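**Q** Quick one: sequence and predicted model below, then my questions.
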Amino acid sequence: MSSNNVYQPLTTGRMPRAALALALVATTLLVNGCSDKSDKGRDKAASKPRAVARLTSAAGAVSHRSATKLTWEDAQSGMSLAERDAVRTGDDGLATITFIAGGGKLEVEQHSLVVIEAPRTTAPPKATGEQKPAHAPAAAPVAKVERGTVRGIAKPGGAPLRVVTPDGKTTEIVATGAEPASIRLRVDDKGKLEVAVLKGAATLRTGGRQVKVAPKQVVDVTGGQVSQPVALLPYPELTVPGIDAKVAIGQGVELQWNAVEGAHHYRVQVSRSLDFSDKVFDRLVAEPRFVATDVGGEQTYAWRVGSVDAGGHEGEFGFARRFTTLQGAPATQPAAPPPEVLVAPADNAAIVYVKTSRPIDFRWQGDATAYELVVARRPSLNRGVVLRQRLQTTEYRLRRLKPGRYFWGVFAIDGKAKKALFERPRRFAVGWRRPPKVKVPNAIDWKEQQ
């Protein structure tokens, strides 16, 4: 039939060689072209790191180092951050890192270095074929704090805050109270991570242990171990100079504040800006006073002080004050302290018992009709009191004290009023020392000298 004759060459007949060659070339070009485009797309997607966070703010000296590079570059607000990217702040640098999944934020303070890690879900992945939950688990922000200070928020019922310490251990911080937990992370030069809960309550999980931390408490995390919580010291009250005082140019400005019980040092900061991004001083001092000598020009300065305990834990700064240096301004002198009338024991005296205890004599000067002598374990003289004696003389003999560290002071009494006869209590220590062992021979042979 004619119809069969029309379709037969296409179904059963042979294709001419020239037509077959052209078909193969066209097919090859089509397939290769699609393959090249898809491979290039896959290569491009694979070479581009996945963004896990953004640098939502960067002020001052803030640098960024990509995980694929060895050099640091200036960071820009709004830039994307991939896994293993690093953010570094300088003298006046402040930065905010916001994780894309979960929305967790980290505030990076000055002189800090943070490496971004990929967020991890708070629940293990589901097995193959298992139905996806209605609400996927929140992604927990993860960061490695190499040095400096970083602040974050752990929300109740939300994703925990995960931190990788310089030694590679991961610590998980979970809010346990009804309100968000405000967390301060600090890494010292030895790689020890300090975790302070400033507000709210939290539980730390690391190395298979869980430690509950109450508000205004701090713990140390080293090698996957967590120390017992200790209370952060309160900030001291600033006293001199007064609020918005005027100081003559060229004179050192003496800063004073009230001593804090338990403080081993104080951190003093003086800045040209109220946000302390342009600091002039940032030092640790032992006494509750400091003389700022490098301030000058017609300039307004802000200053603040924080307390540091014997373990190196720093409390938060208190309210800042301002003073202004002016040309020809009247000199602002600090209030004169009361005369030092405490005589003995001297400040930082060491009273050593050898074999037996001995009396301790307290002496002072004054013309009041009555005094109150206080000896206590604490510098406030109102806690750990071991002696509170009212006297009408300027001396008193205490028969014995147990070994330990003590503080003492004297108050002049005028009716119901009491006036301290000291600027700060004096310190002294009592201890025991064994007498030296001397071996006495049973007999002595004398020989005449020839």
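**A** Thanks, I have it. Quick caveat: nothing in here was measured; it's all calculated off a predicted structure. Numbering: from 1, shown residues only.
**Q** what residues go with each domain of the protein?
**A** Structural domains annotated on the chain: 51-122+137-231, 238-326, 342-433, as defined by automatic domain parsing.
**Q** Mind putting the ones you listed into CSV with mean pLDDT and mean neighbour count?
**A** Quick note: C-beta positions are derived from backbone N, CA and C, even for glycine. Putting the domains of the chain into CSV (pLDDT from 0 to 100; neighbours: other C-beta atoms under 10 Å) gives the following:
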stretch, mean pLDDT, mean neighbour count
domain 51-122+137-231, 86, 18
domain 238-326, 87, 17
domain 342-433, 86, 15
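**Q** isn't residue 427 right up against residue 381?
**A** No - taking C-beta atoms under 8 Å as the definition, residue 427 is not a contact partner of residue 381, at 11.7 Å.
**Q** ok, now which ones touch residue 249?
**A** 296, 297, 298, 325, 326, 327, 329 (C-beta atoms under 8 Å, 6 or more residues apart in numbering).
**Q** centroid residue for this protein?
**A** Within the chain, the residue whose C-alpha comes closest to the C-alpha centroid is residue 186; the distance, by C-alpha atoms, centre = their mean, is 3.7 Å.
**Q** ok, that residue to residue 76 distance?
**A** As judged by C-beta to C-beta, to the nearest Å, residue 186 and residue 76 stand 27 Å apart.
**Q** all helices of the stretch 1-150 of the chain, in order?
**A** Counting by DSSP state H, counting those that start in this stretch, residue ranges of the helices within the stretch 1-150 of the chain are 2-11, 17-47.
**Q** Between those, which has the poorest mean confidence score?
**A** For these, the bottom mean pLDDT is recorded on helix 2-11, which sits at a mean of 39.
**Q** hmm, back to that, ok, the residue nearest to the centre of the chain - contacts?
**A** Residue 186 sits next to 148, 149, 150, 193, 194, 196, 314 when contact means C-beta under 8 Å, 6+ apart.
**Q** and of those, the nearest to residue 395?
**A** Nearest to residue 395 among those: residue 314, at 41.3 Å, using C-beta to C-beta.
**Q** which residues do residue 427 and residue 381 both contact?
**A** What both residue 427 and residue 381 touch, as defined by C-beta under 8 Å, 6+ apart, is the set residue 407.
**Q** my read: residue 408 touches residue 373, true?
**A** Yes - checked against C-beta under 8 Å, the pair residue 408 and residue 373 is within contact range at 7.1 Å.
**Q** what's the overlap in contacts for those two?
**A** With contacts taken as C-beta under 8 Å, 6+ apart, residue 408 and residue 373 have residue 362 as neighbours in common.
**Q** rewinding a little: just the ones in strands from the contacts of residue 186, please.
**A** Where those overlap with strands, as defined by DSSP state E, the overlap consists of 148, 149, 150, 193, 194, 196.
**Q** Make sure the second one is actually in contact with residue 185.
**A** Think residue 149. Yes - at 6.9 Å, residue 149 counts as touching residue 185 under the criterion of C-beta under 8 Å.
**Q** What residues does the nearest residue to residue 170 once chain neighbours are set aside make contact with?
**A** For residue 170, ignoring the flanking residues on the chain, the nearest one in space by C-beta to C-beta, 6 or more residues apart in numbering is residue 164 at 5.3 Å. Residues near residue 164 by C-beta under 8 Å, 6+ apart: 115, 117, 142, 143, 144, 145, 170, 171.
**Q** Serialize these to JSON lines and add fields for distance to residue 256.
**A** Rendered in JSON lines, the data for these read as follows (distance: C-beta to C-beta, whole Å):
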{"residue": "115", "distance to residue 256": "41"}
{"residue": "117", "distance to residue 256": "45"}
{"residue": "142", "distance to residue 256": "44"}
{"residue": "143", "distance to residue 256": "39"}
{"residue": "144", "distance to residue 256": "40"}
{"residue": "145", "distance to residue 256": "34"}
{"residue": "170", "distance to residue 256": "44"}
{"residue": "171", "distance to residue 256": "39"}
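**Q** Beta-bridge partners for residue 306, please?
**A** When assigned by DSSP bridges, residue 306 has beta-bridge partners residue 267.
**Q** same thing with residue 222?
**A** According to DSSP bridges, residue 225 are recorded as the beta-bridge partners of residue 222.
**Q** Just to check, residue 166 is in contact with residue 146?
**A** Yes - under the criterion of C-beta under 8 Å, residue 166 lies in contact with residue 146, with a separation of 5.9 Å.
**Q** Residues in contact with both of these two, list them for me.
**A** What both residue 166 and residue 146 touch, as defined by C-beta under 8 Å, 6+ apart, is the set residue 187.
**Q** CA-only coordinates of stretch 162-173 in CSV, if you can.
**A** What follows is the C-alpha trace of stretch 162-173 in CSV, where atoms were taken according to Å, rounded to 0.1, in the frame of the first residue of the first chain:
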residue,chain,number,x,y,z
ARG,A,162,26.9,27.2,71.8
VAL,A,163,30.5,28.4,72.3
VAL,A,164,33.7,26.7,71.2
THR,A,165,36.6,27.5,73.5
PRO,A,166,40.2,28.0,72.3
ASP,A,167,41.0,24.4,73.3
GLY,A,168,38.2,23.1,71.0
LYS,A,169,35.6,22.2,73.7
THR,A,170,32.0,23.1,73.1
THR,A,171,29.9,24.7,75.8
GLU,A,172,26.1,24.9,75.5
ILE,A,173,24.3,27.7,77.4
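**Q** check contacts around residue 163.
**A** Each residue near residue 163 by C-beta under 8 Å, 6+ apart is listed here: 142, 143, 144, 145, 170, 171, 173, 185, 193, 195.
**Q** measure it to residue 319 for me?
**A** If you go by C-beta to C-beta, the gap between residue 163 and residue 319 works out to 29 Å.
**Q** of the contacts of residue 163, closest to residue 158?
**A** Using C-beta to C-beta, the shortest approach to residue 158 within those belongs to residue 173, at 11.4 Å.
**Q** Could you pull up the residues touching that closest one?
**A** Residues touching residue 173, when contacts are defined by C-beta under 8 Å, 6+ apart, comprise 152, 154, 160-163, 181, 183, 195, 202-205.
**Q** related to what we said a few turns ago, now distance to residue 86 too, for the ones in strands among the contacts of residue 186, in a markdown table please.
**A** Output for those, formatted as a markdown table (distance: C-beta to C-beta, whole Å):
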| residue | distance to residue 86 |
| --- | --- |
| 148 | 12 |
| 149 | 16 |
| 150 | 13 |
| 193 | 17 |
| 194 | 21 |
| 196 | 24 |
